[in-house]
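Chemist: A predicted structure for the sequence below; I have some questions about it.
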Amino acid sequence: MILRHLTLGLVILLSGAMVGQVAFSSTLPIIAIHTDGADIPDEPKTTVRMGVIDNGPGQLNRPTDPFNEYDGYVGIEFRGSSTQSFEKKGYGLETRFEDGSDRQTTLLGFPREEDWVLRGPFSDKSLIRDALAYTLAGNIMTYAPRVRLVELLINNDYRGVYLFAESIKRDRRRVDIKRMEPEDNSGDELTGGYILKVDKFTAEAEGVPSFFPSRYAADNNPDVTPNYLYHYPKPEDITAPQRTYISDWMGDFEEALASDDFRHPNRGYAPFIDVASFVDFLLINELTRNVDGYRLSTYMYKKRDSEGGRLHMGPIWDYNLAFGNADYCNGALATGWAFNFNNICPDDGFQVPFTWKRLMQDENFSSLVRERWSELRNGSFSDERINATIDSLVAVMDNAPARNFQRWPILEQYIWPNAFIGGSYAAETDYLRRWIGERTRWLDGAILTLSDVTSSANAVTPPLPIYPNPTNGFFAVINDDTGDLADLTVRNQIGQSVFFTARLGRGDRVDLSAQPAGVYFVQGRRGDGKFVSGKVVLRGR
């Protein structure tokens, strides 16, 4: 069927909202924005009218239908960095009252808030890379931005398929950390919550620092030092004591990670971080082989000490260049580690912090990566589940991609930084599926061995002989060949240390009787300095 766009002018609905009568019906919600002749700025946001049409599951939506999901005002601005050069632009939105004040509301099934984003996939001709990444991350992480595919009109001009998403901000339904007030400058209140990001440098207002530098240069590139940008509190809101606290705390974490004792459960990095979130963040970035992963659009947050005080990785953000959609720095390859970016592109101005390669030098951490990957490959990251998610995202759009590429006829063009030009929408989605299949097969082998990451001194050795296994609470390590074990640590499935002894002698037993049933990971250091590890299953009491 040939789709035509018929601009028939504007009609004023009884609600007072305006929308172009473009003749199509869609399985996707339709967002219509009218600026009343005003230009949309880069910043700050300007107030305009917005209506949303969503007639519900199984129902078609038409631009001439009444606004039934939202009918009111929003603040709007362009957003993005390199993507602002594209004809199809992204937008930041803030739902508002007519006087410009914030208006918290629910939209498209998302929890009540006022800050939203319209991401416009352009170089991503599958239209779904961001949606796929956020959906996969949402299945395994504490929080990932909720997303809906929509179609967008601005001033009666059809703009194509967009991704309507939650913006990253502090909120109990988004990044669930404590609110920071200007008076929170001492005690427990000073310790959180904070949201930081590693990203491109943003201009500073006079006298208002927007970032602080890492204490360590990027791995393999002594000339580049990553920066941590303040995201929450905002640079103009964070107080001097708060800036000092979070920069000093991050410095202490980095020094613990860089130290010779970095593997130690108490003196190393472990007390600083939520290990499970670091593992999941790594696996999302490695599954997608995001060429910007770890070094750009990389968010992290620290909770208040009374809530554990640890640093969590995430939420994830900006995956349009992932899944083989970049023709630079090996971004198209389905093989190789994404966190090894600095080895591949040492001259790039934005490098991966030393954090990730250092973590992977710890057999405790890499063991958790292997266990988590195995678990996910039998669930959320199975070939069947991933392909079903792709199929679902494509199916929900129905014929919207045809309209999108009629508006933006780029399927046969190179759009930076395409590594593949398929010439048709079906070819683009087929490429996405094939690339992911190759990627998961490579990761299945690479994660099992981690042979190109861990050094020979930390190579995987045969698992520790643990008896009895499974156990009802107590077990011994049969270590006749290795003698006593030093720094014996037992961790649960989220990486928390539940048992530690500086030395486990022959015949000594480990007591897990106070722990809940589950799988636990055991690691110790032999007399020759090599780390050995194993796992034990604790039965329920």
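Modeler: Yep, that arrived.
Chemist: Run through this structure and note the low-pLDDT ranges.
Modeler: 1-21, 82, 202-206, 450-463, 479-483, 493-496, 528-531, 540-541 (pLDDT under 70).
Chemist: what's the domain layout of this protein?
Modeler: The record's domain parsing of the chain by automatic domain parsing lists 10-166, 187-371, 461-538.
Chemist: Please identify which of these is closest to Asn378.
Modeler: domain 187-371 (11.4 Å; Cβ to Cβ). Just so you know, the C-beta spots here come from the backbone N, C-alpha and C atoms, and that holds for glycine as well.
Chemist: End to end on that closest one, go ahead and measure it.
Modeler: Distance between the two ends of domain 187-371: 38 Å, counting by Cα to Cα, to the nearest Å.
Chemist: so which helix or strand takes in Thr244?
Modeler: Using DSSP states H and E, Thr244 sits in helix 240-258.
Chemist: Using PDB, write out the CA atom coordinates for that helix.
Modeler: The C-alpha trace of helix 240-258 is given here as PDB (Å, rounded to 0.1, in the frame of the first residue of the first chain):
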ATOM      1  CA  ALA A 240      30.200  23.400  48.200                       C
ATOM      2  CA  PRO A 241      30.100  20.700  51.100                       C
ATOM      3  CA  GLN A 242      28.100  18.400  48.800                       C
ATOM      4  CA  ARG A 243      30.600  18.800  46.000                       C
ATOM      5  CA  THR A 244      33.500  18.200  48.300                       C
ATOM      6  CA  TYR A 245      31.900  15.100  49.900                       C
ATOM      7  CA  ILE A 246      31.000  13.300  46.600                       C
ATOM      8  CA  SER A 247      34.300  14.100  44.900                       C
ATOM      9  CA  ASP A 248      36.200  12.900  48.000                       C
ATOM     10  CA  TRP A 249      34.100   9.800  48.300                       C
ATOM     11  CA  MET A 250      34.600   8.900  44.600                       C
ATOM     12  CA  GLY A 251      38.300   9.500  45.100                       C
ATOM     13  CA  ASP A 252      38.400   7.100  48.000                       C
ATOM     14  CA  PHE A 253      36.600   4.400  45.900                       C
ATOM     15  CA  GLU A 254      39.000   4.900  43.000                       C
ATOM     16  CA  GLU A 255      42.000   4.600  45.300                       C
ATOM     17  CA  ALA A 256      40.700   1.400  46.900                       C
ATOM     18  CA  LEU A 257      40.200   0.000  43.400                       C
ATOM     19  CA  ALA A 258      43.600   1.100  42.300                       C
END
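Chemist: Next, name the residue at the spatial heart of the chain.
Modeler: Ile316 (1.3 Å; Cα atoms, centre = their mean).
Chemist: Checking the nearest residue to it once chain neighbours are set aside next. Helix, strand or coil?
Modeler: Residue nearest to Ile316 in three dimensions, not counting chain neighbours: Ala137, with 4.8 Å by Cβ to Cβ, 6 or more residues apart in numbering. Following DSSP: H, G, I helix; E, B strand; the rest coil, we place Ala137 in the helix state.
Chemist: residue contacts, Ala137?
Modeler: Listed by Cβ atoms under 8 Å, 6 or more residues apart in numbering, the contact partners of Ala137 are Ala144, Asp280, Ile284, Gly314, Pro315, Ile316.
Chemist: Repeat the analysis, applying 10 Å as the threshold.
Modeler: 143-145, 280-281, 283-285, 287-288, 314-317, 319, 380 (Cβ atoms under 10 Å, 6 or more residues apart in numbering).
Chemist: Tell me which two in those residues are the farthest apart.
Modeler: Trp317 and Ser380 (19.1 Å).
Chemist: Comparing those two, which residue is more hemmed in?
Modeler: Using other Cβ atoms under 10 Å as the criterion, Trp317 and Ser380 rank with Trp317 on top: 23 against 16.
Chemist: check which helix or strand covers the more buried one.
Modeler: Per DSSP H and E, Trp317 falls between elements, in no helix or strand.
Chemist: pretty sure it contacts Ala144?
Modeler: Yes. The pair Trp317 and Ala144 passes the contact test of Cβ atoms under 10 Å, sitting 9.0 Å apart.
Chemist: Now for the two: what residues contact both?
Modeler: With Cβ under 10 Å, 6+ apart, Trp317 and Ala144 have common neighbours Ala133, Tyr134, Ala137, Ala165, Ile168.
Chemist: Turn those into a markdown table, columns for secondary structure.
Modeler: Formatted as a markdown table, the shared contacts of Trp317 and Ala144 follow (three-state DSSP):
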| residue | secondary structure |
| --- | --- |
| Ala133 | helix |
| Tyr134 | helix |
| Ala137 | helix |
| Ala165 | strand |
| Ile168 | coil |
